[in-house]
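1. Just the structure for this:
(2 chains)
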Amino acid sequence: MDTSDQKQIERRVFTSFFQAGIVEAFTGIILVQLGLPALFSRSGFGDLESALLALPIALVLLIGVFLVRKFVIVRRLGHVKFLPERRRRISKLIIVPTLTLIAGAIVGYVFTENAPLRHAFVAQIPFILIPIIVFGAAAYFLDMKRLYVYGAIVGLVFPVGKYLETVIVSPNTLPATILFASFVFLGIAITSLVAFLRKHHEPEV
Amino acid sequence: MKELKNQENRQTADSLSQIMNIDRLVHSPARLSILTYLSVVEEGDAVYLLNQTGLTWGNLSANVTRLQEAGYIEVVKEFKHNKPHTVLKLTDRGRKAFQDYQNKMKGLLAIKSLSPGRRESRLNRMK
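-> Model prediction:
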């Protein structure tokens, strides 16, 4: 067994802690947080009201994920303190919210009244790029290739929704598309969790 | 050419003699598995090892005790939320023993580079 074998084992151990649908649940919650305010604002609520209405739902889902992680997943997989190298890599994940903030600022600028880029297609680019950049950074630092795919899917949701709006003329087409994608991710998360629970039983001490 | 063959023979004999000096405490599959999974983390609890190695509680406990007695692993027993919680950590001695074991096995597996006929004759000579 050489160093590369050990690295592979370490990676396998690390990723095993994310196989119960946690990543998919977070992706689903991000999409819920994007889709619900859009749905509420198109139903007549103001932007701030829509965001405030959607927030508790996302918070409840987030708390649920943390509780499942703490009381279901960790109890079955055990507690581990990873090597400093891995911990350093995880700590670099701070770049993800930083990127989100920067990208959000760019999107905000693009959508202000006096923004230079108001063309319909150009305006969609940030919505495609932000998830790809953010999920790409997470995939790199967490060493999880499937996050690249999730980034691409989340990035495609907005343009697909916009396209569907031209086919199905309804104010709710875009939020419905985003929420459909979120339900797909949440569905994958629940399926993964059920599969995990079938495979791992809580050990009796 | 002959010198090269002699050198190769010496290397093979050295590799095979290493098997006699291998650390039997590490060589057991269960203990090797425990050491491997502890070597890739800073510390882990018993549930982690149980889950990764696939051993039973009894088997894990027996092998952990042997490794602890040899000073290869450090075991800390504590209470977490009123429940017993056992944290295991590879000691420097254990890490060194594990690395030595890996190096010896690598040397031994170098025999694989010989042709099957020569490998067999070497093994017969060793017997």
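2. could you give the mean pLDDT of the host helix or strand of A:Thr15?
-> When elements are assigned from DSSP states H and E, A:Thr15 belongs to helix A:3-16. Throughout helix A:3-16, pLDDT has a mean value of 85.
3. Show me what the helix or strand that that helix is followed by is packed against.
-> The helix or strand immediately downstream of helix A:3-16 is helix A:22-41, counting by DSSP H and E. Counting by 3 or more Cβ pairs under 8 Å, 6 or more residues apart in numbering or on different chains; DSSP states H and E, the packing neighbours recorded for helix A:22-41 are helix A:47-68, helix A:146-167, helix A:173-199. The C-beta positions use only the backbone N, C-alpha and C, and glycine is treated the same way.
4. would CSV of those helices with distance to B:Leu60, mean pLDDT and mean neighbour count be doable?
-> As requested, these are exported to CSV (distance: least, Cβ to Cβ, whole Å; pLDDT from 0 to 100; neighbours: other Cβ atoms under 10 Å in any protein chain shown):
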stretch, distance to B:Leu60, mean pLDDT, mean neighbour count
helix A:47-68, 26, 89, 14
helix A:146-167, 31, 89, 17
helix A:173-199, 19, 93, 18
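5. Spatially, and excluding backbone neighbours, which residue is closest to B:Leu55.
-> The shortest distance from B:Leu55 to any non-neighbouring residue, by Cβ to Cβ, 6 or more residues apart in numbering or on different chains, is to B:Ala30 (5.8 Å).
6. surely the one you found meets B:Asn59?
-> Yes. Between B:Ala30 and B:Asn59 there is a contact at 6.0 Å, judged by Cβ atoms under 8 Å.
7. With just CA atoms, put stretch A:165-184 into PDB.
-> This file holds the C-alpha atoms of stretch A:165-184, laid out as PDB (Å, rounded to 0.1, in the frame of the first residue of the first chain):
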ATOM      1  CA  GLU A 165     -41.900  30.500 -20.100                       C
ATOM      2  CA  THR A 166     -41.900  31.200 -23.900                       C
ATOM      3  CA  VAL A 167     -43.600  27.800 -24.500                       C
ATOM      4  CA  ILE A 168     -46.000  27.700 -21.500                       C
ATOM      5  CA  VAL A 169     -47.100  31.200 -21.100                       C
ATOM      6  CA  SER A 170     -47.700  31.500 -17.300                       C
ATOM      7  CA  PRO A 171     -46.200  33.700 -14.600                       C
ATOM      8  CA  ASN A 172     -45.400  30.600 -12.500                       C
ATOM      9  CA  THR A 173     -43.400  28.700 -15.200                       C
ATOM     10  CA  LEU A 174     -40.000  29.800 -14.000                       C
ATOM     11  CA  PRO A 175     -40.600  29.300 -10.200                       C
ATOM     12  CA  ALA A 176     -42.300  25.900 -11.000                       C
ATOM     13  CA  THR A 177     -39.200  24.800 -13.000                       C
ATOM     14  CA  ILE A 178     -36.900  25.800 -10.100                       C
ATOM     15  CA  LEU A 179     -39.100  24.100  -7.600                       C
ATOM     16  CA  PHE A 180     -39.400  21.000  -9.700                       C
ATOM     17  CA  ALA A 181     -35.600  20.800  -9.800                       C
ATOM     18  CA  SER A 182     -35.500  21.300  -6.000                       C
ATOM     19  CA  PHE A 183     -38.000  18.500  -5.500                       C
ATOM     20  CA  VAL A 184     -35.800  16.200  -7.700                       C
END
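8. Contact distance from chain A - what residues of chain B qualify?
-> The interface of chain B toward chain A, taken as Cβ under 8 Å from any Cβ of the partner chain, is made up of B:36-37, B:39-52, B:57, B:83-85, B:87, B:102, B:105-106.
9. So which of these belong to helices?
-> Of the residues of chain B next to chain A, the ones assigned to helices by DSSP state H are B:36-37, B:39, B:46-52, B:57, B:102, B:105-106.
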